[in-house]
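Visitor: Generate a structure from the sequence data that follows.
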Amino acid sequence: MERIAVIGAILEQPEVSQKAFNETISPYRGIIKGRMGIPFDEVDIAVISLTLQGDLDTINALTGKLGNLPGVTVKTAVSGGPDKT
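Guide: Alright, predicted model coming up:
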């Protein structure tokens, strides 16, 4: 069953972590419906929000891969399952 999800990511020193972040999400472009990035140059941080539509296993796989990148912190919110009203 497909879910809607949002992954929020904070990249510390984005000039170092941005390339690996982009390479990690590239194979998942089929489930990524939107991306918003906000640079905070004064504190050397970037905040990226990804909106996804896909199955839970794929969403979790992407979240795990992003969370394992050095300098990247992620949190994910996922829509409820079929028993949610």
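Visitor: Could you check how many residues crowd around Ile7?
Guide: By the criterion of other CB atoms under 10 Å, Ile7 has 23 neighbours. C-beta coordinates here come from the backbone N, C-alpha and C atoms, glycine included.
Visitor: Check whether it sits in a helix, strand or coil.
Guide: Under the three-state scheme (DSSP: H, G, I helix; E, B strand; the rest coil), Ile7 adopts strand.
Visitor: if I look at it, how far off is Asp41?
Guide: 22 Å (CB to CB, to the nearest Å).
Visitor: Mind listing residues that contact stretch 18-31?
Guide: For stretch 18-31, contacts defined as CB atoms under 8 Å, 6 or more residues apart in numbering pick out 9, 11, 32, 46, 48, 50, 52-54, 58-59, 62, 65-66, 69-70, 72.
Visitor: any idea how far it is from the chain center?
Guide: Its chain's average C-alpha position is 9 Å from that of stretch 18-31, according to CA atoms, centre = their mean, to the nearest Å.
Visitor: same thing with stretch 64-75?
Guide: That offset, for stretch 64-75, works out to 9 Å (CA atoms, centre = their mean).
Visitor: Would you map the helices across the chain?
Guide: 14-25, 56-67 (DSSP state H).
Visitor: Adding distance to Thr76, write the ones you listed out as CSV.
Guide: CSV is the format used below for those (distance: least, CB to CB, whole Å):
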stretch, distance to Thr76
helix 14-25, 13
helix 56-67, 5
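Visitor: quick one, which of those helices is nearest to Val78?
Guide: Of all the helices of the chain, helix 56-67 sits nearest to Val78, with 6.3 Å by CB to CB.
Visitor: Since that was my last question, I'll sign off now.
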